[in-house]
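K.L.:
What follows is a predicted structure for the sequence shown.
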Amino acid sequence: MPSQALVKVTRLVKVYQDGSHVPVRAIDGIDFTVAAGEFTAVAGPSGSGKTTLLNLIGSLDTPTEGQVIVAGQDLGQLSRRARADFRLRNLGFIFQSHNLIPVLSAHENAEFNLLLQGVPALERRARVLAEFASLGIEEELTRRRPAKLSGGQQQRVAIARALVTRPKLILADEPTASLDSKTGARLLDKMRALNQRTGITFLFSTHDPMVIDRARRLVTLRDGRIASDETRL
């Protein structure tokens, strides 16, 4: 495994106010490093801080205290606009709810971030079709809007959207939660093969034993803290 740190989290704290205005420490002083090329799962019970940690690493949220450095960039030093540009050019996201744009076709959803990056139309098309082919997305599905796709098909489009920009890091928040076990296993195997072939770093939050079994590193959170950190061969 490469030794270079792609993600470095130092003394990270995230405090929320609940409905009774009592502060809740969703993340409570975490130190955490992810090397380039890892295939890592963050597990733990509901409320342990898994999604919050991914959101902070992905700059979708800002910490109350501490530092998040991704690809050498201290995210706390960036403006909101600069964080958005950093996400666009360095990160891919796979969400439980897919987060596809309902008025766009599958192909348009997958190429959307490339469009924002200013990639020319012919290259956008070639990249999207290549990712669709690798994920087994049939040509007839590419013109359909999300409402006309199954959950598994939508998730494959979401994975293609995450991969097509060739990001340094993919953050996957419960990516198999809405899928049947067969579809989930197939997509996880594809993601692991992509990790091995391309070196793209994957960081999952999950309850799913299938994800946990395939991870080469398992970090377990409890009450916003790291309870265990296990590396597998």
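P.N.:
In hand now; what should we look at? Numbers count the residues shown, from 1 in each chain.
K.L.:
Identify each buried residue in the helix or strand of the chain with the lowest mean pLDDT, please.
P.N.:
Least confident helix or strand, the chain: helix 181-198 with a mean of 87, by mean pLDDT, DSSP states H and E. Across helix 181-198, burial judged by 16 or more other C-beta atoms under 10 Å covers Thr183, Gly184, Ala185, Arg186, Leu187, Leu188, Lys190, Met191, Arg192, Leu194, Asn195. C-beta coordinates here come from the backbone N, C-alpha and C atoms, glycine included.
K.L.:
Heading C-terminal from that helix, find the next helix or strand.
P.N.:
Where DSSP states H and E defines the elements, the next helix or strand beyond helix 181-198 is strand 201-206.
K.L.:
Distance from the helix or strand hosting Arg25 to the middle of the chain?
P.N.:
Counting by DSSP H and E, the element that carries Arg25 is strand 23-35. The chain centre lies 17 Å from the centre of strand 23-35; the measure is C-alpha atoms, centre = their mean, to the nearest Å.
K.L.:
Save the buried residues of helix 181-198 as JSON lines, and put in distance to Arg87 too.
P.N.:
Shown next, in JSON lines, are the buried residues of helix 181-198 (distance: C-beta to C-beta, whole Å):
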{"residue": "Thr183", "distance to Arg87": "27"}
{"residue": "Gly184", "distance to Arg87": "25"}
{"residue": "Ala185", "distance to Arg87": "29"}
{"residue": "Arg186", "distance to Arg87": "28"}
{"residue": "Leu187", "distance to Arg87": "22"}
{"residue": "Leu188", "distance to Arg87": "24"}
{"residue": "Lys190", "distance to Arg87": "23"}
{"residue": "Met191", "distance to Arg87": "19"}
{"residue": "Arg192", "distance to Arg87": "24"}
{"residue": "Leu194", "distance to Arg87": "20"}
{"residue": "Asn195", "distance to Arg87": "20"}
